[in-house]
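In: all I have is the shape, not the residue letters:
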């Protein structure tokens, strides 16, 4: 005989929320040690780094020399490039007392954690990375394994310091998503919820996207074979003036409003550079220069660029003339970084179950 009025079934309990990371706020970024730094690096990264170091969160800023060797680098040149990037950090206003500045390869925990993350990440995740497809081209079988697994090392760079925020350009957003996936999978697989943070992209308003002086549709790049395509941080005043004077433009005058820059990539690029150097909006620039020709605008842009870059260039040259100061900053920074990184790796090893002696 059945009960015509069965007792109500208790509702299924909702799953408990996964504990979030509750550690300190930390910011991390790096620049690859390959090729000369240029105006795009200064406006898009270095200038922003100097603002971040005063936000109250520790900043870890490294020279990505391990990433650089995913493609062939001349050993002697790699050393010089590492020092040059450190000099650019310092010349741009970064203070070693506020920011930890170090070479990636000098902190061995980066490669240790990267190997462990290689065993957490999945091939399908890496197969979706568009940067590898772009850099390897049609002959990916000739590319280094390092170029393929580069995003896993990048995840280790970030999570090694349990960084909560990463200044991220459009071309690195996919890699940051991979970092979040690796962190979440590690936390879940080993039953350590909240151990690694899921880092967020850090934005400080729209970063200027600086394009080539020879092609407004291509990003300014240190790998461009034409030196005239970029303003290097080590260019002297005469060189800067000459490059801006020869920068590609179109026949028209500057428009009265920002919409008028649509379909005019070279004009848009020069206005963007002016705005970033002057700490103005493009609207403000066009209120002053709209309707005027490039014959008037380019000299003003050149004067502004020289005034903005001259102190950075002078300080870089001073530092590079005697690298003892740079080397001390890098050595001290590596030691400070290791005091944070080594305990994290030790804890990860314990979590995974490695023999600890």
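Out: Nice, thanks for sending it over. Values in this document were obtained by computation on a predicted structure and should not be read as measured data.

In: show me where the stretch 1-150 of the chain has its strands.
Out: In the stretch 1-150 of the chain, strands defined by DSSP state E, counting those that start in this stretch lie at 27-32, 59-64, 99-103, listed in chain order.

In: where do the helices sit along the stretch 101-250 of the chain?
Out: Taking DSSP state H, counting those that start in this stretch, the helices of the stretch 101-250 of the chain run over residues 109-118, 123-127, 130-136, 145-159, 173-189, 237-245.

In: sorry, slip of the keys, the one I care about is the stretch 251-357 of the chain.
Out: Under DSSP H, counting those that start in this stretch, the stretch 251-357 of the chain gives helices at 265-278, 282-289, 294-321, 324-352.

In: need the contact list for residue 316.
Out: Applying Cβ atoms under 8 Å, 6 or more residues apart in numbering, we find residue 316 in contact with 84, 87, 88, 91, 233, 234. Just so you know, the C-beta spots here come from the backbone N, C-alpha and C atoms, and that holds for glycine as well.

In: no, scratch that, I was asking about residue 308
Out: Shown in contact with residue 308 (Cβ under 8 Å, 6+ apart): residue 277.

In: so what's residue 342 closest to, chain neighbours aside?
Out: Closest residue in space to residue 342, ignoring its immediate chain neighbours: residue 109 at 5.6 Å, by Cβ to Cβ, 6 or more residues apart in numbering.

In: would you mind measuring from the one you found to residue 99?
Out: As judged by Cβ to Cβ, to the nearest Å, residue 109 and residue 99 stand 19 Å apart.

In: got it, and residue 278?
Out: When Cβ to Cβ is the yardstick, residue 278 and residue 99 sit 26 Å from each other.

In: so those two - more neighbours on which side?
Out: Each of residue 278 and residue 99 has its neighbours counted (other Cβ atoms under 10 Å); residue 99 has more, 22 against 16.

In: thought the more buried one was touching residue 49?
Out: Yes. Here residue 99 lies in contact with residue 49, judged by Cβ atoms under 8 Å, at a distance of 7.4 Å.

In: so what sits against both of these two?
Out: By the contact definition Cβ under 8 Å, 6+ apart, residue 99 and residue 49 are jointly contacted by 59, 61, 89.

In: end-to-end on stretch 22-34?
Out: Length of stretch 22-34, first residue to last, Cα to Cα, to the nearest Å: 36 Å.

In: and stretch 255-273, by the same measure?
Out: Stretch 255-273 has an end-to-end distance of 16 Å (Cα to Cα).

In: how far does it sit from the chain's center?
Out: On the basis of Cα atoms, centre = their mean, to the nearest Å, stretch 255-273 sits 26 Å off its chain's mean C-alpha point.

In: list the contacts for residue 250?
Out: Contacts for residue 250 (Cβ under 8 Å, 6+ apart) come out as 264, 266, 267.

In: ok, 6 Å please
Out: For residue 250, the set of contacting residues under the criterion of Cβ atoms under 6 Å, 6 or more residues apart in numbering consists of residue 264.

In: just to revisit the earlier point, now, which of the contacts of residue 316 sits nearest residue 33?
Out: Relative to residue 33, the closest of these is residue 84; by Cβ to Cβ it sits at 8.3 Å.

In: quick one: the closest residue in space to the closest one that isn't next to it in sequence from residue 91, how far?
Out: The shortest distance from residue 84 to any residue that is not its chain neighbour, by Cβ to Cβ, 6+ apart, is 6.5 Å, and that residue is residue 320. Using Cβ to Cβ, we find residue 320 at a distance of 10 Å from residue 91.

In: who has more neighbours, the two?
Out: Higher neighbour count among residue 320 and residue 91: residue 91, with 22 against 18, using other Cβ under 10 Å.

In: model confidence for the closest residue to residue 258 other than its chain neighbours, exactly?
Out: By the measure of Cβ to Cβ, 6+ apart, the closest residue to residue 258 outside its immediate chain neighbours is residue 282, 5.2 Å from it. The per-residue pLDDT reported for residue 282 equals 93.

In: and if you look at residue 135?
Out: Per-residue confidence at residue 135 stands at 70 (pLDDT).

In: count the neighbours of it for me.
Out: When neighbours are counted by other Cβ under 10 Å, residue 135 registers 15.

In: what's the burial count for the closest residue to it other than its chain neighbours?
Out: If the residues on either side of it in the chain are set aside, residue 135 comes closest to residue 147, at 6.3 Å by Cβ to Cβ, 6+ apart. Residue 147: 17 surrounding residues under other Cβ under 10 Å.

In: residue 147 against residue 69, yeah?
Out: No. In this structure, residue 147 is not within contact of residue 69 by Cβ atoms under 6 Å, at 9.8 Å.

In: sorry, back to before: list just the nearest of the shared contacts of residue 99 and residue 49 to residue 129.
Out: Looking across the shared contacts of residue 99 and residue 49 and measuring by Cβ to Cβ, the closest to residue 129 is residue 61, at 23.9 Å.

In: so what's the closest one bridging to?
Out: Applying DSSP bridges to residue 61 gives these bridge partners: residue 29, residue 101.

In: could you measure from it over to residue 228?
Out: The span separating residue 61 from residue 228 equals 30 Å under the rule Cβ to Cβ.
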